[in-house]
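Engineer: Have a look at this prediction, sequence included:
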Amino acid sequence: MSDRTAVVLLTRDLRVHDHPALASACSAFDRVVPLYVLDPALQRLSPNRTRFLHQSLADLREALRRRGGDLVVRRGDPVAETVRLARAVGAEGIGLSADVSRYARRRERRLREECERHRMFLRLFPGLTIVGPGDLRPAGGDHYRVFSPYFRAWQGTKPRDELAAPERVRLPGGVDPGRLPDPPGGESPDAAAGGETAARRRLTEWLPALGRYDDIHDDMAGDDTSRLSPYLRFGCLSPLAVANRAGDRSGPFVRQLCWRDFYHQVTAAFPDLSSRAYRRGAQEDWRYDQPALDAWTEGRTGMPIVDAGMRQLRAEGWMHNRARLITAGYLTRHLRLDWRSGVAVFFRWLLDGDLADNSGNWQWVAGTGNDARPHRGFNPVRQAERYDPDGTYVRRYVPELASIEGKAVHQPWRLPVPVREALDYPQPLEVPGADPVWLR
Ligand code: FAD
């Protein structure tokens, strides 16, 4: 009698622990093919993320080999390659973690059609978020549009059981695992390395800070948030497992994980989140100013807290949340440039760059999104003085200002003229018609 075989198509769930699709296949089938298809269309989007992805795949391959299996790697169209391999090994079907983007939904739809044509099953599994997009619906709507009621409903859900990593993974005979190319070079010299091993280490190292999260998460210089976002982005960690380790579901850290679920359920219902204003009637009268956009992108606006954030992004492929709020607020509220330009710049550099979280947060800041108070302002100087009170964060990322002590670093235009003129640092960008009170 022949062995029963299934293929598990891995996408952004690059782990062996708490992986519903992999665990289910390993318990129900004799042979399992964990497959990753390198899609050239995605590889071009962000050198930083491509590098992180390759590191994560190499780590996953090791973990699967330790369990007697392997990571099978192919290159090309994920649907064509997956179906081809499934047919070649005589698989009964394909398992996949459900995802929300337009790209992912199209991939699911095409896979379903091909599976039907070849009389195979396609089964979708949870795992991308803690609570599945679409699992919670408000009365009279298909998704929650505002965070607070979503969070209340979310806290009341009963999570699925967390799953152990499979003990053994048995590949069918004769499958060529395929070569995993060496990780390509990223753009950010100080970027974190990918992989489930690094992710689990980071979680364990960071957990002792959890109890202080509410006090420290806005301290830009302290840099004490978890930095788990790239690992969650690529599924090197299961968000459910992170929430379980954190414990208290009403605590401030788990609340942040809920924001992630929130934006995923918004994206599932509104897949245009990266290109179209979410809020009906949102005012959109953006300026076009390429030199200003370039200055912002390259961290030379003359507004130190903004430049520090953008330079952290370029150096590390990551930016502190408070700096993301300040830089995004500066682009949209002060420069009055289109939030879509900001989405694109962040999306190129961020290791955690994710359609739902990036676009959802940008729209929130720009006032076109889910914010119940769409007209909130972000005065960068006030923000800097509050969240980087002695200027350490700015001096860390803007070396031209390293000689300016204390909070004076936030307003170099106020320094005595000879001191200011000795600095190799630009004057703040001027914006036609703007009244930047913080420059007075
Ligand atoms: P922690 O503070 O330790 O939080 C734990 C986890 O909660 C994070 O890893 C993340 O998965 C989740 N989380 C925290 N804050 C948010 C939030 N506001 N929205 C959604 N999830 C959140 N996060 C991304 O993961 N990808 C993005 O592309 C992204 N783009 C952003 C763009 C803008 C303009 C802004 C203002 C925020 C963006 N964020 C994004 C949210 C947030 O800044 C990062 O998740 C956070 O800074 C990551 O650092 P951390 O892992 O140390 O977070």
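Structural biologist: Sure thing, it's come through.

Engineer: what about Ala292, distance to the ligand?
Structural biologist: The gap separating Ala292 from the ligand is 18 Å, by CB to the nearest ligand atom, to the nearest Å. To be clear about C-beta, it is placed using only N, CA and C from the backbone, and glycine gets the same treatment.

Engineer: One more: Asp218?
Structural biologist: Here Asp218 is placed at a distance of 10 Å from the ligand (CB to the nearest ligand atom).

Engineer: downstream neighbour of the host helix or strand of Val394 in the secondary structure list?
Structural biologist: Here Val394, judged by DSSP states H and E, is contained in helix 392-397. Downstream of helix 392-397, the first helix or strand assigned by DSSP H and E is helix 417-422.

Engineer: Now that next one - C-alpha only, CSV.
Structural biologist: Extracted as CSV, the C-alpha positions of helix 417-422 are listed here (Å, rounded to 0.1, in the frame of the first residue of the first chain):
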residue,chain,number,x,y,z
VAL,A,417,24.5,81.6,15.0
PRO,A,418,28.3,80.7,15.1
VAL,A,419,27.5,77.3,16.6
ARG,A,420,24.7,76.6,14.1
GLU,A,421,26.8,77.7,11.2
ALA,A,422,29.6,75.4,12.2
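
Engineer: so where does Val345 fall, helix or strand?
Structural biologist: Assigned by DSSP H and E, Val345 belongs to helix 339-349.

Engineer: Tell me the buried residues in that helix?
Structural biologist: Trp339, Arg340, Ser341, Gly342, Val343, Val345, Phe346, Phe347, Arg348, Trp349 (16 or more other CB atoms under 10 Å).

Engineer: does the ligand sit close to the helix or strand following that helix?
Structural biologist: Beyond helix 339-349 on the C-terminal side, the first helix or strand identified by DSSP H and E is helix 355-366. Yes. Under the criterion of CB under 6 Å from any ligand atom, the ligand is reached by helix 355-366 at Asp357, Asn358, Asn361, Trp362, Val365.

Engineer: I figured the first one hits Phe262, correct?
Structural biologist: No. The pair Asp357 and Phe262 does not pass the contact test of CB atoms under 8 Å, sitting 9.6 Å apart.

Engineer: Find residues that contact each of these two.
Structural biologist: With CB atoms under 8 Å, 6 or more residues apart in numbering applied, the contact sets of Asp357 and Phe262 do not overlap.

Engineer: Alongside the ligand, which residues does the chain contribute?
Structural biologist: Taking CB under 6 Å from any ligand atom as the measure of proximity, the chain contacts the ligand at 217, 225-229, 232-233, 256-257, 259-260, 263, 321, 324-325, 328, 346, 350, 352-354, 357-358, 361-362, 365.

Engineer: Which other helices and strands does the helix holding Val345 contact?
Structural biologist: helix 290-298, helix 304-316, helix 321-329, helix 355-366 (3 or more CB pairs under 8 Å, 6 or more residues apart in numbering; DSSP states H and E).
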